[in-house]
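In: please find the sequence and the predicted model below.
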Amino acid sequence: RKELVCAILYLCEYKCPWKNVVRAFPKNLNVKEAEIERLEAMKCASQPTRKRCPTCAGFEVLESWRRKHPQHATVKLLLQYLASERVNRSYADDIESGFHMSMTVSLKCLLLKSGYERQAERGESVPVELVSAQILSRDTCVSF
């Protein structure tokens, strides 16, 4: 799970054209078009007056996919569809080499969505290990 979250953060940080990849997923594992539209229409985390921020939308759509399909959403599947959709090969190469596990997250939108408000405001970068741990800790929080 941690590796998948890191891969999602990597794809968003480096502006991968995620829509092609998500739309290519098998029907039983995809994110519905209405859900993509809804998530794209959300306000940007770093510029609340802006909608359709590709970074925020990509993160929300890929995270929605990861959470809805915990048994099937894997880095392997992500790599398969990165290749099949002819997305720039460097994205898959970076994931295969493990770069996504050692990078830093610096985009303000991703830091704000991950709970790193102070670092986002200061323009700081945060190791992907910490950001992914923060995101995964929210998965285990149960509200009663």
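Out: Thanks, I have it.
In: ok, residue 17 touching residue 82?
Out: No. Using Cβ atoms under 8 Å as the test, residue 17 is too far from residue 82 to be in contact (9.9 Å). Every residue, glycine included, has its C-beta placed from N, CA and C.
In: those two: which is more packed in?
Out: Taking neighbours as other Cβ atoms under 10 Å, residue 17 and residue 82 compare with residue 82 leading, 25 against 16.
In: not counting sequence-adjacent ones, nearest residue to the more buried one?
Out: The shortest distance from residue 82 to any non-neighbouring residue, by Cβ to Cβ, 6 or more residues apart in numbering, is to residue 92 (4.6 Å).
In: so what's that neighbour up against?
Out: Contacts here follow Cβ atoms under 8 Å, 6 or more residues apart in numbering; on that basis residue 92 touches 79, 82, 83.
In: burial measure for residue 15, as a count.
Out: 12.
In: break down the chain into its strands, ranges please.
Out: All strands of the chain, identified by DSSP state E, fall at 104-105, 126-127.
In: what packs against the first one?
Out: Read that as strand 104-105. strand 126-127, helix 128-140 (3 or more Cβ pairs under 8 Å, 6 or more residues apart in numbering; DSSP states H and E).
In: same question, the last one
Out: Under the contact criterion of 3+ Cβ pairs under 8 Å, 6+ apart, the helices and strands touching strand 126-127 comprise strand 104-105.
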